[in-house]
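1. take a look and give me a structure for this.
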Amino acid sequence: MKNIKIITALALLAVAFTSPEQTKAQAAVCFSNAANIYDGTFPLGAVSKDFNKDGKMDIAFVSHDVFNFADSGKVFVAFGNGLGGFSTPLNYSAGVKTYDILSDDFNNDGKYDLAITNFASNDISILLGDGLGVFAPAVNYGTGHHALSLSSSDFNSDGNVDLAIVDGDSMVTVLSGNGGGSFAVIGNYRIGNSPQKIISDDFNNDGKADLLATNHLSDNVSLLLGDGTGAFSSPVNFGPVYSPWQVTSGDFNTDGNKDIAIASYGGVGVDVFLGTGTGNFGSVASTYLGTSSLSITSADFNGDNKLDLAVARVGAQGTPRYADTLSVLLGDGTGAFFHYPQDVPRFSLGVGIPSDIVKADFNGDGSEDLLVANNYDLSVLLNCYAATGINDFASNNEVLSVSPNPLYEETVISFSNPENMIHSITIRDVTGRTVRRVDNISGTSVKLDRAELLSGIYFCELLNKTNRKRLVSKMVIE
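-> You can find the predicted model right below:
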């Protein structure tokens, strides 16, 4: 595409910290400095999918200037180039004051569609995708007053995607999808005051989708258990959580049950509730960060097979208005997260309020990167732990070898492949920038010539396409 904006990390902020309990794989996390893009688009919510089916992750985001009443809002779609950069965004109209966005397949054609909440027009907009990156004009469906956050799943077990929306009247509205892209309201449930975020997951291990919403002014969260027919139980509230904003779910203590982590706008950190697997939550742990947090997501960011947290934080009182940061809290697999203030990696963000955070692999290296919507611009942070070799995932010459190394003109990269799996090899420089990639390798070696590569240190990353196992080795060009 024309006007591709390549995001190149000029410097990597690699933060490593250890404690006696941590293994080496747990002991480091690395993200590039934020590349801030699309200044002045005022993004509020974002999502990432491969909208044009080219194998590269794209993004869509909704925006409106919260300080400009005349700005009704837009929907933007930008295509990824597979290196962490994105095209000039296309824009679409939706309702008034677009607020949140998600992507799913609403008409069962195998292509990603978009759903948007519209705060001022009290409805949602559905934009059906054609699989080439183009979306149909929005079709709107009424919801409660001031539609805020939304979540999708098959709530009534009919094979079609349904939606749940929280609104400014403290209601959850459930809409059933007909599999053709249309929706109809099938239920309303009152929860706590001023809900901000709703998610769907199976919290009682019955194989049916449940709902959980944060209640900003009630200082709690509401859990609604689904029965698989589209109906939900009366909400059960858990707390206290001081001014909860966003929430993410995952199995943080590896017991097979879904837990939740909550970002608190009025608090000074993150609260983690460990699930019992019965629709209840047991022990609660608070992670001190020192300032309010708004958005949160979970993934394994350092490759130790344990879920971590990424939290977008509002600048502390007394700092410049836009001194917002992203913190990465490393999980230990027991439900605890390393949280001492001096240990928490912080990455600067762009301009505005960090209202949403999205995880996706934007540069195709198998690691989860991050996108933060700052309500003025977007910040892209590329995960570079494999590229820097800081976790030593690799360098066992019996498994992955580079010879000769150092190299002058060419070298052979060899690896064991007893099951004849498909691999890819990515070469990165010391800034984490991808400088060469070879895909669809079915053998056990590949020859690499230096071509335009300058003298210096590089990292050779081997990725198994089947089980996503990664090996990394240093490579020197003289």
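2. and the pLDDT for Val351?
-> Confidence at Val351, expressed as pLDDT, is 83.
3. likewise Asp429?
-> 76.
4. who does it bridge with?
-> Counting by DSSP bridges, Asp429 is bridged to Tyr458.
5. what ranges does the protein have for its helices?
-> 385-388 (DSSP state H).
6. which regions of it sit below the pLDDT cut-off?
-> Along the chain, segments meeting pLDDT under 70 span 1-28, 67, 69-70, 290, 315-323, 339-345, 385-399, 430-432, 465, 467-470.
7. what is the burial count for the nearest residue to Asn405 once chain neighbours are set aside?
-> Leaving aside its sequence neighbours, Asn405 sits nearest to Met475 (Cβ to Cβ, 6 or more residues apart in numbering; 5.8 Å). The way it works is simple: take the backbone N, C-alpha and C, and place the C-beta from them, glycine included. Number of residues near Met475 (other Cβ atoms under 10 Å) recorded here: 20.
8. so how many other residues sit close to the closest residue to Thr254 other than its chain neighbours?
-> Nearest-residue entry for Thr254: Gly333, 5.1 Å, with adjacent residues in sequence omitted and distances by Cβ to Cβ, 6+ apart. Neighbours of Gly333 under the rule other Cβ under 10 Å: 15.
9. show me what contacts Gly333?
-> When the contact criterion is Cβ atoms under 8 Å, 6 or more residues apart in numbering, the partners of Gly333 are 252-254, 305-306.
10. any idea how far it is from Asp300?
-> Relative to Asp300, Gly333 is positioned 10 Å away (Cβ to Cβ, to the nearest Å).
11. distance-wise, check the residue most central in space within the chain relative to Ser151.
-> Nearest to the mean C-alpha position of the chain, counting by Cα atoms, centre = their mean, stands Lys359 at 1.9 Å. With the distance defined as Cβ to Cβ, Lys359 ends up 16 Å from Ser151.
12. before we move on, what about Asp39?
-> Using Cβ to Cβ, Asp39 is found at 30 Å from Ser151.
13. again with Asn375
-> Taken as Cβ to Cβ, the span from Asn375 to Ser151 is 21 Å.
14. also Asn91?
-> When Asn91 is compared with Ser151 (using Cβ to Cβ), they lie 24 Å apart.
15. which one of the two has more residues nearby?
-> Neighbours per residue (other Cβ under 10 Å) separate Asn91 from Ser151, with Ser151 holding more: 24 against 11.
16. and the more buried one, what are its bridge partners?
-> Bridge pairing for Ser151 - DSSP bridges - gives Ala164.
17. cool, and Phe61?
-> Phe61 has these beta-bridge partners by DSSP bridges: Ala46, Phe76.
18. wait, it sits on Gly73?
-> No. Counting by Cβ atoms under 8 Å, Phe61 stays clear of Gly73, with 10.8 Å between them.
19. and these two? which has more neighbours close in?
-> Phe61 (26 against 23).
20. so what's the more buried one up against?
-> Contacts of Phe61 were listed using Cβ under 8 Å, 6+ apart, and they are 41, 43-47, 75-76, 101, 373, 378.
21. contacting residues for Ala299?
-> Contact partners of Ala299, counting by Cβ under 8 Å, 6+ apart, are 307-308, 310, 359, 368.
22. how much space between it and Ser200?
-> Taken as Cβ to Cβ, the span from Ala299 to Ser200 is 18 Å.
23. counting neighbours, what do you get for Pro244?
-> Counted with other Cβ under 10 Å, residues neighbouring Pro244 total 31.
24. in the sheet, who's paired with it?
-> Ser264.
25. go ahead and confirm it touches Ala261.
-> No. Here Pro244 does not reach Ala261: they are 10.5 Å apart, not a contact under Cβ under 8 Å.
26. what residues are shared contacts of those two?
-> With Cβ under 8 Å, 6+ apart, Pro244 and Ala261 have common neighbours Asp271.
27. can you pull the contacts of the spatially closest residue to Gly179 that is not a sequence neighbour?
-> What sits nearest to Gly179 in space, not counting adjacent residues and going by Cβ to Cβ, 6+ apart, is Asn160, at 3.9 Å. The contact partners of Asn160, taken as Cβ under 8 Å, 6+ apart, are 106, 108, 154, 176-179.
28. in these, find the pair that's most separated.
-> Asn108 and Ser176 (14.0 Å; Cβ to Cβ).
29. between the two, which one's more packed in?
-> Shown here are Asn108 and Ser176; by other Cβ under 10 Å, Ser176 has more neighbours (20 against 14).
30. number of nearby residues for the residue nearest to the more buried one when sequence neighbours are not counted?
-> Leaving aside its chain neighbours, Ser176 sits nearest to Ile186 (4.6 Å; criterion: Cβ to Cβ, 6+ apart). Close neighbours of Ile186, defined as other Cβ under 10 Å, add up to 15.
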